[in-house]
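Undergrad: build me a model:
(chains A and B)
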Amino acid sequence: MLDILIIGSGGAGLSAALSAKQKGSTVLVVGKSYPTASQTSMAQGGMNAALGNVTPDSIQAHIDDTIHSAHSLCNVQMVKEFCEDAPKSIEWLNTLGVPFDRTVDSKVAQRQLGGASSKRACYAQDYTGLKILHTLYDTCLKEGVEMLEEYFLLNLIVEEKTVLGATFLDVVTGEVKEIRANKTILATGGYGGLYKNYTTNSEGATGDGIAAVLRAGGSLSDMEFVQFHPTALKGSATLISESARGEGGYLVNSKEERFIDELLPRDVVARAIASEMAKGEEVFLDVRHLGEEKLLKLMPQEVQLCKLHEGIDPAKELIPIKPVAHYSMGGIDVNKNLEVTGLKNCYAVGECSNAKIHGANRLGGNSLLEIVSLGRLAGRNAVGNMPPCCSDATTTKQLQSDQEYINGLLEEYPYQQNFYTLQDQLGEKFYKHAGIVRDNTELNNLLNELRVIKADIDDMGIGDKSQENNTNLVDFLQFQNLLEIGEVVLDAALVRDESRGAHYKSAFPEKEDKLYKAHSVYWIEDKVLQNKLVKVTK
Amino acid sequence: MQRDLKIAINRNGKIEHFGVPEERMTLLKALYYIKNTTDNSLTFSSNCRSGVCGTCAVRVNGKEVLACSYKYEEDDLIEPLKYHEVQRDLKVNKQKVRETLRSSTVWLQAPQEAVITEQQVHLTEKQSDCILCDSCYSSCPVLEVNPNFIGPFALTRAYRYTADPREGNIQAIVDNVQTNGIWDCTLCGNCTEVCPQGIDPKMDITMLRGTASQFGYTDPNFQAMDFGFGGGF
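TA: Residues are numbered from 1 along each chain as shown, chains lettered A, B, ... in the order given. Sure thing, here's the model as predicted:
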C-alpha cells in the first residue's frame, strides 16, 4: 500500500513529496498536467522571508504585515510559525539550487512588494515561481519521486469519513482508475477559473480538489475572498507583477495623473483602479522612467508579454491595465496540522487550502512561501501516525459510479448546449457581479442563474465522444467543478454583509466585527449545502 | 461583418482547414475558437496562456512556436512537435522525452556551500529560464538519425548545473552526457533559433564540451576520423 498520495504537482505538491520521501515514506505525485506546467510557473514577483539582506527587516515585521493584510481572518499562531519558517525555506531552496538573484555582496537579493514594510521578497528576475518549480522538479527526479501526469482527479474515496485514496480519469487512455493510499494530500490549486477571461490564472485553475472535498463531505471556508490583482494587461488579462510597482512603476489615469499610493495592499489598489474605471477613465501602468536597461534586467518576461499582447513597448509607452482575479484566499478548510475539516487521513496545502494565513487578503510574496513552507509541513505531518496497513481492497463503489458517469458522458448523455459559451458568459458575470465591488441583488441574480445552469448540466454533455485524449471531457468536468464552487463563493459573498479585505460591498463599506469577524464554513450534509460562521477566537 | 481567415491543421496525418477570426489573435485563442465553436474534438495542450508553462508548443509552417505567443497568419499550417509520439491532433506525449532529464542526471549532484555572486547568477540566468516546451527537441535534426540523442534542453540544463557554484561534483553530470550527448550535436543552431526564451543550447553544449575536456574527454568523432595519414601499420 502506498503511504502518501499527493494530488497536484505544483510547488506545494512537489515540496510535500520531497519532505515525505526524505522521511522514508513511499509517495506518488499525481497531476492533471505535467509538473512544470502548474500555476506555480506563473508566479513572478518573489517569495517573502525576513532576511534583511537589502533593508532592515525582522520576522516580527513580516508577521505584523501579514496579520495587518489579513484583516483579522488569520490564525495568529499559524502566521507566526509561517513567518519564522520563511528563512529556513529559502535556505532549503538554496541548497537545492534555486538561482535566486544576488546582491552586490552576494546575498540573496530582495525586492519591495505591496503591503510589506521592507524589501522582503527573494526573487529570480520575474521568473521566481518558474525557477523554484523547475528546481523542485529536478530534485524530485534526483530523489526518485514517482510522478504520474495527465491524471484528472474525479473523487476522493471515502469510507466512514476516512479518505482511502482517490479516483482519476487517465486522460491519455480514457480509463477511470483508483489509487489507494494511507494518506492523501491535496495540492490542487485555486479557483480563479471562475472568472474566465478575467483572471491571471491558468486554464487549469478550476478548483478540482476543492470541489472533490465538498462532494466528499469535507469543509470549505472563506470562499468569498478572491484577490484581484491590480495590474493585468487590459486585453489578455496577463499578469504584470507587483514588482513593476515595487521597482518604482506608477499607476496613472487617462490624464496621466497618479491617483493612489501604488504600494498599498492589493485590495486597496484594485478598488482605486476600479473606481477610476467607473468614472470612465482608462488606467495605465507607467514604467517608462525606469529605462529600458533596468526593465530588461528586472522584468524581461513582462516586457515581452506587453509587446506580444498589447503591442506596446513599456520602455516607451504606457501599459494599459485592468484588475483581474488572481488568487483564491478561501479553500479547503484545514486545521493547524493542515488536516481537512471533516475528513480523516486527508491534508490540503497551497492555494486549494485555507490555512488561515492570508485571511481576507494575501500579501504578495506569501503564496510562494506558503507552497514551499507549508508544502513541506504537509509532507512531514502526513508521514506521522500512519494508519495500520489495511489490505488493498478490490474495486470500490466510488470507482464504479465514476466509471458509469464517464461512460454515460461518452455514450449516452445528449449534447444540447455548448458549455464553453456558458463558461465564458459566467466568467464575465462573476467579474462584474462577484468581483471587486459587490452588491447583494447582483450576487443573488447570479446565484439563481448559476443554479439554473447546474440543473441543466445533464443536457449539456460533450460533443467529442472519443475515449482517448479527450480534452473536451476534461474541460467539461472542470466546468462542473467550477459550478459547484461558484455556488459556495456567491452564497458566502451574499451572507457577508460587510467589507473586509478583498470582499467589498458598496452598501456595507465598513468592517462589521461583531457579526463577521468569522470564517464562513460550507459543507454538504444529506445532499444539502450547509453553512455556518465560525468566530475567530485569536 | 467579420471575415474569417483559414488556417490548416495536421490532424493525425490529415490536413483540415478551419475558419478563424480575421482579427489577429494568438494561435492558442484561435485553437480554442475552433474547439469551442466549430469542432469540440480538436485536441491540443495548453495551460498558462502567457508563455511560461511550456505546454502549448506546436509547429507552424515547419517551425516551432508557443501557440500562446504566436499570432497566426492566413494559410498557416499547424502541426504537432516532431520526435514525440502524437497522441491526438496537436497533443503529444512528452513523457518519453522527459526521460532525457533523468538519464543525464540534471540536478545538483553534491550540493556544497558556496558564495554566489551577482555575475555568477547572471551566467546561467538564461539557461534557468527554460520552460521545457520541447521546441528545441522538435527542431533538432540529430533526432532524425539518432532517436536516443539526449537533445538540447537536457544538455542546457546539464550545463546550468555544472556552472552552478553549489555543484560539488561536476564530473558526475559530465560523465552522464557523453553517450548520445554533447558530442552528437552538430552545432546547427536550430534549437537556438526556435527557443521562445532566447536560450542558446548550441552555446551551452559547446561550453559543456569545454568542461568535459577538463575531465579528459575528447570528441569521439574526431578520434574516429581517418584523415588518411596512415595509422594502423
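Undergrad: didn't A:A166 look like it was pressed against A:V158?
TA: No - if you go by C-beta atoms under 8 Å, A:A166 and A:V158 don't touch, sitting 9.5 Å apart. (Glycine included, C-beta is placed from N, CA and C.)
Undergrad: looking at the two, which has the bigger crowd around it?
TA: More crowded of A:A166 and A:V158, by other C-beta atoms under 10 Å in any protein chain shown: A:A166, with 28 against 25.
Undergrad: using CSV, list the CA coordinates for the helix or strand harbouring that one.
TA: Here A:A166 sits within strand A:162-170, counting by DSSP states H and E. Output of strand A:162-170 as CSV, limited to C-alpha atoms (Å, rounded to 0.1, in the frame of the first residue of the first chain):
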residue,chain,number,x,y,z
THR,A,162,-11.8,8.5,6.2
VAL,A,163,-10.1,9.1,2.9
LEU,A,164,-8.7,6.0,1.3
GLY,A,165,-7.3,7.5,-1.9
ALA,A,166,-8.9,8.9,-5.0
THR,A,167,-10.3,8.1,-8.4
PHE,A,168,-8.9,9.6,-11.6
LEU,A,169,-9.5,9.8,-15.3
ASP,A,170,-6.4,8.7,-17.1
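Undergrad: okay, buried residues for that strand please.
TA: If you call a residue buried by 16 or more other C-beta atoms under 10 Å in any protein chain shown, then strand A:162-170 has these buried ones: A:V163, A:L164, A:G165, A:A166, A:T167, A:F168, A:L169.
Undergrad: and the contacts of it?
TA: A:2, A:5, A:7, A:30, A:150-158, A:175-181, A:184, A:212, A:216, A:340, A:343-346, A:393, A:396, A:398-399, A:402, A:406, A:473-474, A:477 (C-beta atoms under 8 Å, 6 or more residues apart in numbering or on different chains).
Undergrad: so which of these sit within helices?
TA: The helices, defined by DSSP state H, take in A:A212, A:A216, A:Q398, A:L399, A:D402, A:I406, A:L473, A:V474, A:L477 from the contacts of strand A:162-170.
Undergrad: quick one: which of those is most hemmed in?
TA: A:A212 (25 neighbours).
Undergrad: does that one touch A:V158 like I think?
TA: No - counting by C-beta under 8 Å, A:V158 is not a contact partner of A:A212; they are 9.9 Å apart.
Undergrad: are stretch A:39-55 and chain B in contact anywhere?
TA: Yes - using C-beta under 8 Å from any C-beta of the partner chain, stretch A:39-55 reaches chain B at A:Q39, A:S41, A:M42.
Undergrad: with just CA atoms, put that stretch into CSV.
TA: Extracted C-alpha coordinates of stretch A:39-55, given in CSV (Å, rounded to 0.1, in the frame of the first residue of the first chain):
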residue,chain,number,x,y,z
GLN,A,39,0.3,27.5,-11.8
THR,A,40,3.5,27.9,-9.8
SER,A,41,5.4,28.6,-13.0
MET,A,42,3.4,31.8,-13.4
ALA,A,43,4.4,33.4,-10.1
GLN,A,44,6.7,36.3,-10.9
GLY,A,45,7.4,38.7,-8.1
GLY,A,46,9.1,36.8,-5.3
MET,A,47,9.0,34.8,-2.1
ASN,A,48,8.9,36.5,1.3
ALA,A,49,11.4,35.9,4.1
ALA,A,50,12.6,38.5,6.6
LEU,A,51,16.3,38.1,5.8
GLY,A,52,17.0,41.8,5.9
ASN,A,53,19.6,41.5,3.1
VAL,A,54,18.7,44.8,1.5
THR,A,55,16.8,46.8,4.0
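Undergrad: centre of the chain to it, how far?
TA: 17 Å (C-alpha atoms, centre = their mean, to the nearest Å).
Undergrad: any buried residues in it, and which?
TA: Counting neighbours by 16+ other C-beta under 10 Å, the buried set in stretch A:39-55 is A:39-54.
Undergrad: what's the residue most central in space within chain B in contact with, if anything?
TA: By C-alpha atoms, centre = their mean, chain B has its centre lying nearest to B:C136, at 2.6 Å. Residues counted as contacts of B:C136 (C-beta under 8 Å, 6+ apart) are B:E64, B:G151, B:P152, B:F153, B:T156, B:N190, B:C191, B:T192, B:V194, B:C195, B:I199, B:P201.
Undergrad: what average pLDDT does the helix or strand hosting it get?
TA: According to DSSP H and E, B:C136 maps onto helix B:135-139. Mean pLDDT, computed over helix B:135-139, is 98.
Undergrad: so how far is B:E118 from A:Q400?
TA: As for A:Q400, its distance to B:E118 is 59 Å (criterion: C-beta to C-beta, to the nearest Å).
Undergrad: per-residue pLDDT, the residue of chain B found nearest chain A?
TA: Chain B approaches chain A most closely through B:N40 (3.3 Å), counting by C-beta to the nearest C-beta. What the model reports for B:N40 is a pLDDT of 94.
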